[in-house]
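Student: Sequence plus predicted model, see below.
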Amino acid sequence: MLVYHPDCARHLLSPGHVESPDRIDAIVQKLDALELLEGFTVPDPAPREAIAAVHSGAYVELVESFGEGYIDMDTAIHRDTHGYAVLAAGGALAAALGSAEAEAPAFALVRPPGHHAGPDYGGGFCFFNNVAVAAKALLQRLQRVAILDFDAHHGNGTSDIFAASRDVLYVSTHQWGIYPGTGPVEFVGEGRGEGFTVNIPFPSRAGDASYDLAFREVIEPIVRQFLPEAILVSYGGDAHYKDPITSIALTSRGYLRLAERTIDLARSVAHGRVAFVLEGGYYLPALAEVMAGTYALFRGESIHLQFTEDRENRERGREAVARAKAVQGKHWDL
């Protein structure tokens, strides 16, 4: 299932901004060239109550009525921003619910992204938290949902929304020391949600081998013990070695291996319910290749990969994974 609304390409933060309409256009053009675009689902905007389930009423009203200005130094807001933001959330919602019903993978090709939007704040190019909206909706039907965040940036908004929840497992792999500066390995959630947040902050230039190690030794064992009934993926393309604003070194092949293992894990523990939701990614040819290649996996197909240069030097993230195991070993059998 592919969820896409052409209006997502109309959202413009500011001229020349890295989070541009060209991101969606590049992915759509790649899908079309590979004859993978036919039959996509056009979503409706998320209803207000779905947005308000994860964001405060005051913040929702702020986005609705802000007008023109900035919600942080890199994130402009305009009079039409609210409409695009609820449409992106609606795309994530449609993919999550569609995947749950069909018990098959779904992909939400949406923007603006969402994982930096918290209970009462936005920023980092995000206004409403698309994955959080989808997770809350799933929890009306299911008991447990896992969110795997493979963006190069920590999803501070998602983490804050679900920090005290036992019903949502939040797992983030991210580059340590870059925006937003959150997600230390020691933070494991709070209150009744303690142990249900997993942070794996990588050093720069961690790549395929480090992600393989993290998935094998931390992510998969914890997800299997949590036993989610659905998995959502905050799927950023900015952990790619070609990305201009981060320093993680995943190759396109590494991304697809990560996606394939996630799909296999969902089939094993969550009846095949898994929805990928686009987050970041700013080198357009690599972004398009990864996203098209991931969607091809859903159909049992493969595509030619151009960006496969392995730049990692012998599991640079090994220490980060060991630290995550030590911290999480207090809560899970690792």
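Tutor: Happy to help now that I have it.

Student: pLDDT averaged over the longest strand anywhere in the chain, what's the number?
Tutor: Criterion DSSP state E: the longest strand present in the chain is strand 168-175. Across strand 168-175, the average pLDDT comes to 98.

Student: counting contacts, what elements does that strand pack onto?
Tutor: Judged by 3 or more C-beta pairs under 8 Å, 6 or more residues apart in numbering; DSSP states H and E, strand 168-175 is in contact with strand 145-149, helix 156-162, strand 197-202, helix 220-226. Every C-beta, even on glycine, is put in place using the N, C-alpha and C of the backbone.

Student: The third one vs strand 145-149, what angle?
Tutor: To tie it back to what came earlier, the one meant is strand 197-202. 20 degrees (axes from the mean of the first three to the mean of the last three C-alpha atoms, to 10 degrees).

Student: Now the element after strand 197-202, going C-ward?
Tutor: Next helix or strand after strand 197-202 toward the C-terminus (DSSP states H and E): helix 208-214.

Student: how far does that next one sit from the chain's center?
Tutor: Taking C-alpha atoms, centre = their mean, to the nearest Å, the mean C-alpha location of helix 208-214 is offset from the chain mean by 18 Å.

Student: residues making contact with that helix?
Tutor: Contact with helix 208-214 is made by 173, 200, 202, 249-251, 253-254, 257-258, 310, 312, 314-318, 320-321, 324, as judged by C-beta atoms under 8 Å, 6 or more residues apart in numbering.

Student: just the buried members of those?
Tutor: 173, 200, 202, 249-251, 253-254, 257-258, 312, 315-318, 320-321, 324 (16 or more other C-beta atoms under 10 Å).

Student: In the sheet, which strands lie alongside the longest strand of the chain, parallel or antiparallel?
Tutor: Using DSSP bridges, strand 168-175 pairs in its sheet with strand 145-149 (parallel), strand 197-202 (parallel).

Student: Pretty sure Lys30 sits against Met291.
Tutor: Yes: with contacts counted by C-beta atoms under 8 Å, Lys30 reaches Met291, the gap being 7.4 Å.

Student: higher neighbour count, those two?
Tutor: A direct count of neighbours by other C-beta atoms under 10 Å for Lys30 and Met291 places Met291 higher, at 26 against 22.

Student: and Pro221, how many neighbours?
Tutor: 16.

Student: For it, give me its contacts.
Tutor: Trp332, Asp333, Leu334.

Student: Equivalent analysis for Gly236, please.
Tutor: Per C-beta under 8 Å, 6+ apart, neighbours of Gly236: Pro113, His115, Asp149, Phe150, Asp151, Ala152, His153, Leu278, Glu279, Gly280, Gly281.

Student: and if we set it to 6 Å?
Tutor: Asp151, Ala152, Glu279, Gly280, Gly281 (C-beta atoms under 6 Å, 6 or more residues apart in numbering).

Student: cool, Gly155 as well?
Tutor: Counting by C-beta under 6 Å, 6+ apart, Gly155 has contacts His115, Asp149, Ser172, Ser234.

Student: now, among those, which is nearest to Ala135?
Tutor: Distances from Ala135 to the contacts of Gly155, taken as C-beta to C-beta, are shortest for Ser234 (10.4 Å).

Student: Quick check: the closest one is in a strand.
Tutor: Yes: according to DSSP: H, G, I helix; E, B strand; the rest coil, Ser234 belongs to a strand.

Student: I'd assumed Ala132 was in contact with it.
Tutor: No: Ser234 is beyond contact range of Ala132, at 9.6 Å (criterion: C-beta atoms under 6 Å).

Student: how near is Leu169 to His271?
Tutor: Distance of Leu169 to His271, computed by C-beta to C-beta, to the nearest Å: 16 Å.

Student: Tabulate the contacts of Pro221 in a markdown table, adding columns for distance to Tyr179, pLDDT and neighbour count.
Tutor: Output for those, formatted as a markdown table (distance: C-beta to C-beta, whole Å; pLDDT from 0 to 100; neighbours: other C-beta atoms under 10 Å):
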| residue | distance to Tyr179 | pLDDT | neighbour count |
| --- | --- | --- | --- |
| Trp332 | 29 | 97 | 17 |
| Asp333 | 34 | 95 | 9 |
| Leu334 | 29 | 93 | 15 |
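
Student: Can you list the low-confidence ranges for the stretch 51-200 of the chain?
Tutor: Judged against pLDDT under 70, the stretch 51-200 of the chain has no low-scoring part.
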